[in-house]
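# Whatever this is, show me its structure:
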Amino acid sequence: MAEIKLITCAGVEHDLALLPHFIAYYKALGIHTKNMYFILQASESDSHEMKKAQAILHQDGITAAEIWIAPYTSATMWEKRREIQLCVANKEDWVISADVDEFHEFPDKLSVFLSYCDKKEINCVQGVFIDRLTSDGSLAAIKASPPLWEQFPVQADVICTIRQVEENGWENGTVNIMACKGDLLPERGGHFPLNHGSPIKYIFGSRQLAKFNGIKAATTRFQIPLRVHHFKWNQALLQSLQKRLATAGVSTHGQSYGNLLLQHLGEDQRIQIEKMPIRKSGTLDKLPWRTQLALLKLRNDSSSLYRKILSKIR
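Next comes the predicted model:
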């Protein structure tokens, strides 16, 4: 019987406060804790943070799939995630591979939505990042309560706004795989699947989301009803970022983006929220999600017809 598997990696030196929120959120989506596979990473063995992370997992009956003691690099982390996926998932299963600061919002109950994808023979579901900020953009500490949505209420577009000074290709980082079939492995970064020779059917048609018409515009991304709520922008960000940039093996793109982010944070160490596009409810949000998906596919194929239909809806 097909199941939903969750695979993640938590850097225990920086991500401890996120762990209880992450586990509770994906349990609420309907993923059983027996299908949650955590890689716990630390620079040193037997650290206080590692013991605390394991204790948090054990409260929900979860044993870490791997204890990874080494400096963090993105390349190694994604290799480990793929290895776990190959071990625990078959081709009929659905896999959600999410960082602990990534909370995937699906447009319906997860089981209902994935059944829809199965019927449509879709094997890769991509969504867009929605950066979650405090009301003033400050990098606040994550608290046990209230829910993260209340601690970080602003839905913004930080990643793209900062990266637009880079040359072509920055839009790849604006999308992420939210769910894929067990035989479809994510590439480094998790933005799109590795080309493994099998046909890939994306939720919006034949092209991956980074090639979607208008994807570079925040107004387009804000309309897509598949969202990765990104709680990266908290008190642990600066120390984590500085450490990763100083670690051998950081990618060229990671180095570039990290330096741009440090420049943006500046002396105030805050996201300049006044410079960010902010997401608010739009026309498509009022429609049933299946209608939203159909219209967005139409936009990808025929922008003029899409605009004509949208004008009538308004």
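
# Per-residue pLDDT of residue 148, please?
In the prediction, the pLDDT value recorded for residue 148 is 97.

# now do the one 4 residues further on
Looking at residue 152, its pLDDT reads 98.

# mind checking how far it is from residue 206?
The spacing between residue 152 and residue 206, counted by CB to CB, to the nearest Å, is 35 Å. Placement of C-beta: from N, CA and C, glycine included.

# With residue 293 instead?
Using CB to CB, one obtains 15 Å as the distance from residue 293 to residue 206.

# So which of the two has more stuff around it?
Neighbours per residue (other CB atoms under 10 Å) separate residue 293 from residue 206, with residue 293 holding more: 20 against 11.

# Domain-wise, how is this structure divided?
According to automatic domain parsing, the chain comprises the domains 4-280, 282-314.

# which one of those has the lowest average pLDDT?
Out of the domains of the chain, domain 282-314 stands lowest, with a mean of 77 (criterion: mean pLDDT).

# Show me which residues of that one are buried.
Of the residues in domain 282-314, those buried under the neighbour-count criterion (16 or more other CB atoms under 10 Å) are 284, 289, 292-293, 295-300, 306.

# For burial, what's the neighbour tally of residue 92?
By the measure other CB under 10 Å, the count of residues near residue 92 is 12.

# ok, the closest residue to it other than its chain neighbours - contacts?
Once its chain neighbours are removed from consideration, residue 92 has its nearest residue in residue 2; the separation is 4.1 Å (CB to CB, 6 or more residues apart in numbering). Residues touching residue 2, when contacts are defined by CB atoms under 8 Å, 6 or more residues apart in numbering, comprise 90, 92-94, 118.

# again, only using 7 Å
92-94 (CB atoms under 7 Å, 6 or more residues apart in numbering).

# Just say which of the domains of the chain is most tucked in.
Compared across the domains of the chain, domain 4-280 shows the largest average neighbour count, a mean of 17 (mean count of other CB atoms under 10 Å).

# Just the terminal-to-terminal distance for it.
Distance between the two ends of domain 4-280: 31 Å, counting by CA to CA, to the nearest Å.

# How far does it sit from its chain's centre?
Taking CA atoms, centre = their mean, to the nearest Å, the mean C-alpha location of domain 4-280 is offset from the chain mean by 3 Å.

# Which parts of the stretch 1-150 of the chain are strands?
For the stretch 1-150 of the chain, the strands defined by DSSP state E, counting those that start in this stretch occupy 4-11, 36-42, 66-69, 94-97, 102-105, 124-133.

# Any idea which of the ones you listed gets closest to residue 254?
Nearest to residue 254 among these is strand 4-11; the distance by CB to CB comes to 14.3 Å.

# Can you tell me what sits against that closest one?
By CB under 7 Å, 6+ apart, the surrounding residues in contact with strand 4-11 are 19, 26, 31, 35-41, 53, 72, 77, 80-81, 84-85, 88-89, 93-100, 110, 114, 240.

# now that strand against strand 36-42, angle please.
Counting by axes from the mean of the first three to the mean of the last three CA atoms, to 10 degrees, strand 4-11 lies at 10 degrees to strand 36-42.

# how about the nearest residue to residue 179 once chain neighbours are set aside, what does it touch?
Setting aside the residues directly before and after it, residue 179 is nearest to residue 125 in space (CB to CB, 6+ apart), at 4.4 Å. If you count contacts by CB under 7 Å, 6+ apart, residue 125 has them with 117, 178-180, 203, 226.

# Mind doing that once more with 8 Å?
Residues in contact with residue 125 (CB under 8 Å, 6+ apart) are 117, 177-180, 202-203, 226.

# Next, format these as CSV and append secondary structure and distance to residue 216.
Written out in CSV, the entries for those read as follows (DSSP: H, G, I helix; E, B strand; the rest coil; distance: CB to CB, whole Å):
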residue, secondary structure, distance to residue 216
117, helix, 26
177, strand, 19
178, strand, 20
179, strand, 24
180, strand, 24
202, strand, 18
203, coil, 19
226, coil, 18
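
# how about the helices in the stretch 101-250 of the chain?
Ranges of helices in the stretch 101-250 of the chain, per DSSP state H, counting those that start in this stretch, are 110-119, 148-151, 158-163, 218-221, 237-245.

# which other helices and strands contact the first one?
For helix 110-119, the helices and strands in contact under the criterion 3 or more CB pairs under 8 Å, 6 or more residues apart in numbering; DSSP states H and E are strand 4-11.

# Quick one: residues contacting the nearest residue in space to residue 188 that is not next to it in sequence.
Take residue 188 and drop its neighbours on the chain: the residue closest to it by CB to CB, 6+ apart is residue 78, 4.6 Å away. Counting by CB under 8 Å, 6+ apart, residue 78 touches 186-190.

# can you do 10 Å?
Residue 78 makes contact with 9, 97, 185-190, 194 under the criterion CB atoms under 10 Å, 6 or more residues apart in numbering.
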